[in-house]
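> coords please:
(chains A, B, C and D)
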There are 2 protein chains.
Amino acid sequence: MSTITLADVAARANVSTATVSMVLRNRGRISDETRKRVLSAIDELGYVYNQTAANLRNRSSNQVGLLLHDITNPFYAEMTAGLSQEMERHQLMLFLANSEESVPRQQNFVDSLLQNNASGLVLCTARQTPSLFFETLKRRKIPSIMVVRPVADAHFDFVGTDNFLGTQLATQHLLNLGHRHIAFIGGSIDSTARAQRLGGYTSKLVENSIPVNSAWIVHSEASQSSGAKIAEQLFAAHPEITAALCYQDIVALGVMQALRKLNRQIGRDFALIGFDDITEASLVQPGLTTVSVASREIGRKAGELLYSRIQGNDEPPKRIILPPSLVIRESCGYTA
Amino acid sequence: MSTITLADVAARANVSTATVSMVLRNRGRISDETRKRVLSAIDELGYVYNQTAANLRNRSSNQVGLLLHDITNPFYAEMTAGLSQEMERHQLMLFLANSEESVPRQQNFVDSLLQNNASGLVLCTARQTPSLFFETLKRRKIPSIMVVRPVADAHFDFVGTDNFLGTQLATQHLLNLGHRHIAFIGGSIDSTARAQRLGGYTSKLVENSIPVNSAWIVHSEASQSSGAKIAEQLFAAHPEITAALCYQDIVALGVMQALRKLNRQIGRDFALIGFDDITEASLVQPGLTTVSVASREIGRKAGELLYSRIQGNDEPPKRIILPPSLVIRESCGYTA
DNA sequence: TTGTACGCGTTATCAT
DNA sequence: ATGATAACGCGTACAA
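Numbers count the residues shown, from 1 in each chain, chains lettered A, B, ... in the order given. Reported below is the predicted structural model:
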């Protein structure tokens, strides 16, 4: 069974391929009469449009790529859903890749996208991404939106959250509750986002004339177990700590484990705040107070912006920073 | 800046386009001499391979589609990661779509894939999928692997878990602990998977001469809140129930809420088992005993099978059923 | 190794 | 006003 082509349809309808093409794309001037003939020919033959051929001719495609480092992280899964929704609205197909923080894999994916004439990208790049990577993107002039992880290069569009403000909110909340010995737990040392979150925390301390104790600031991997291990050490060495702000909810969940092990009642004799507001935050006992960053909305906004870029919007690079909010549950007690 | 084509490279290297093509794809016999010339020409010109053109010529592509109904469900996110890994191994690009149980959206996605000459599909179809959908896939002869949700049509490859065995394991566990009043909570009435899980449960009861009480079998939506609501009603009407097997972990989490509200100690005066082993199951307090189905592995196996089909494997349809296992945590107490 | 027809839709230009 | 003609996008594979 050989493929049915536009030419076959044209023959059947006694028109030229040009006419069929115009009917398919609603362009040019076609009489209702012939349009009907063409449409029924399409129907009778069971013609399937060949996007590949169109792409080749147009030197473009309806495909965009999404690069993440961990789709199993609920935060990114949620963001993906938002983006996917937006892509569908615009009839764009979404390629997905999971770099798992591997720079070569990330590079492979982007190379493939370029070879496929992808018309845009949404990227949450791996941590050690070399600047050459960004240079290549710029040189190829492919619309690229960076998300969540800030990139030094201001040339790119960015959609993310206000890390600084987020931890300011959280820190202020702890201060309002009377805490003065507040730890900051988690994040990897070379992360820009961490620097920003740390900044929100320290700035609030300073603003309230509370000394910043660097021994209470520790980093960890983005996992529950790592958070637990780090926290245990920290609390053993510094029993004076009464509250902690975590870089991520995942880490906070680990800290919870540590606190339980040390027999400290979360919400009573210890206050804990996370960041991200992943689903789990509302499921644990007690519910985790956390900074919510509207992950789904980040996906949507990124999609919106990408689409406008693909349409030719050439305004200077944008930075869309979605305001975070503090979701108060039970992990800091009930006093507001 | 006009695109650099294969022809440009050929001109620069003083060879034919055929030669360049062969060098790029390591085919035919090319002398080391010319190969070097071609490679350096590619390098100098910064040539980028045009996959689109190749796809058109080959009437194929290196693209496969993954259709899910909810990427934010951790179970599917995990599966996606497994599939993504496998696709990358074979240099296949993965299209992702989130149907959110919408049949038209699902259809759109598959239509787009067909128009893009996708070489294969992995599908977890929406619940109300009409049989016409499957007919189309068969007619187009595109390799398609169904996952997780069993499909009536035995014509398709399937990768999933043994629902029946899973609930048998769980039910036996509860029986061993002495429970005789065991409820089955969750799943939607028209789900095949639910029928299978229900079968495992009832078969074990019958095997142990325990009457099946249909009043203890209730269904619910796949959400925590729905699970909680349903469970509350059930336990109020039937206080004699001392244990429950849930269709999904998500539902089990809701049931936990209900139990707390009713002041019943999970793991002490009530035993609860879930299904899926999502990450949350190990995070809640007490940890949820559940049937683990190796979601990541389902993704990998599906990818492996799909790849072999794309390569031309035309053995009869396969059903790969991964054995589930019971992960014992604390929600049934500590007695084994 | 090379020449070249081919895969299939698009669009600018031309014809009626 | 409508529609046809034909060159074009770029890599592939077969005959020479």
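
> what about the spatially closest residue to A:Q233 that is not a sequence neighbour, how many residues nearby?
When the adjacent residues along the chain are set aside, A:Q233 lies closest to A:V218, with 8.0 Å between them (Cβ to Cβ, 6 or more residues apart in numbering or on different chains). Placement of C-beta: from N, CA and C, glycine included. Neighbours of A:V218 under the rule other Cβ atoms under 10 Å in any protein chain shown: 20.

> my read: A:V218 touches A:G187, true?
No: contact criterion Cβ atoms under 8 Å: A:V218 and A:G187 do not qualify, at 9.3 Å.

> what count of nearby residues applies to A:V122?
Counted with other Cβ under 10 Å, residues neighbouring A:V122 total 28.

> lowest-scoring secondary structure element of chain A by mean pLDDT?
Comparing helices and strands within chain A by mean pLDDT, DSSP states H and E singles out helix A:279-283 as the least confident, with a mean of 79.

> which other helices and strands contact the helix or strand just after it?
Scanning the chain past helix A:279-283 towards its C-terminal end, the next helix or strand to appear is strand A:289-292 (assignment: DSSP states H and E). Taking 3 or more Cβ pairs under 8 Å, 6 or more residues apart in numbering or on different chains; DSSP states H and E as contact, the helices and strands that strand A:289-292 lies on are helix A:163-176, strand A:271-276, strand A:325-327.

> what does strand A:289-292 rub up against?
A:166-167, A:169-170, A:173, A:249, A:252, A:271-277, A:281, A:324-332 (Cβ atoms under 8 Å, 6 or more residues apart in numbering or on different chains).

> so how far is stretch A:47-56 off the chain centroid?
The chain centre lies 31 Å from the centre of stretch A:47-56; the measure is Cα atoms, centre = their mean, to the nearest Å.

> what mean pLDDT does it have?
Taken as a whole, stretch A:47-56 carries a mean pLDDT of 95.

> and chain A, what are its domain boundaries?
Domain assignment for chain A, taken from the TED database, gives A:6-49, A:61-161+A:295-322, A:163-293.

> taking the stretch 1-150 of chain A, what residue is nearest to DNA strand C?
Checking the stretch 1-150 of chain A residue by residue against DNA strand C with Cβ to the nearest atom of the strand singles out A:L6 as nearest, at 2.7 Å.

> what distance do you get for that residue to A:R57?
Distance, A:L6 to A:R57, by Cβ to Cβ, to the nearest Å: 11 Å.

> looking at those two, which has the bigger crowd around it?
For A:L6 versus A:R57, neighbours defined as other Cβ under 10 Å are more numerous around A:L6 (20 against 11).

> give the contact list for that one.
If a contact means Cβ under 8 Å, 6+ apart, then A:L6 has A:17, A:20-21, A:24, A:47, A:50 as its contacts.

> then A:L137?
With contacts taken as Cβ under 8 Å, 6+ apart, A:L137 has the following neighbours: A:110, A:121, A:144, A:156.

> ok, 10 Å please
With contact set as Cβ atoms under 10 Å, 6 or more residues apart in numbering or on different chains, A:L137 has these partners: A:110, A:114, A:121, A:123, A:125, A:143-144, A:146, A:153, A:155-156.

> in the stretch 101-250 of chain A, what residue is nearest chain B?
Taking Cβ to the nearest Cβ as the measure, the stretch 101-250 of chain A has A:Q115 as its residue closest to chain B, at 4.1 Å.

> B:W216 versus that residue, what's the distance?
Using Cβ to Cβ, which is the criterion applied here, A:Q115 is 57 Å from B:W216.

> and if you look at A:Q196?
If you go by Cβ to Cβ, the gap between A:Q196 and B:W216 works out to 52 Å.

> who has more neighbours, the two?
Neighbours per residue, other Cβ under 10 Å: of A:Q196 and B:W216, the larger number sits with A:Q196, 20 against 17.

> so for A:S31, what's the pLDDT?
Among the per-residue scores, A:S31 shows a pLDDT of 91.

> need the contact list for it.
With contacts defined as Cβ under 10 Å, 6+ apart, the neighbours of A:S31 are A:19, A:37.

> circling back to that earlier point, quick check: neighbours shared by A:V218 and A:G187?
Going by Cβ under 10 Å, 6+ apart, residues that sit against A:V218 and also against A:G187 are A:Y247.

> and the contacts of strand A:289-292, which are buried?
Under a neighbour-count criterion of 16 or more other Cβ atoms under 10 Å in any protein chain shown, the subset of those counted as buried comprises A:166-167, A:169-170, A:173, A:249, A:252, A:271-277, A:281, A:324, A:326-327, A:329-332.

> and the helix or strand A:V110 falls within, what does it pack against?
With elements delineated by DSSP H and E, A:V110 resides in helix A:103-115, which encompasses its position. In terms of contact count using 3 or more Cβ pairs under 10 Å, 6 or more residues apart in numbering or on different chains; DSSP states H and E, helix A:103-115 is assigned the packing partners strand A:63-68, strand A:93-98, strand A:120-123, helix A:131-140, helix B:51-58, helix B:74-89, strand B:93-98.
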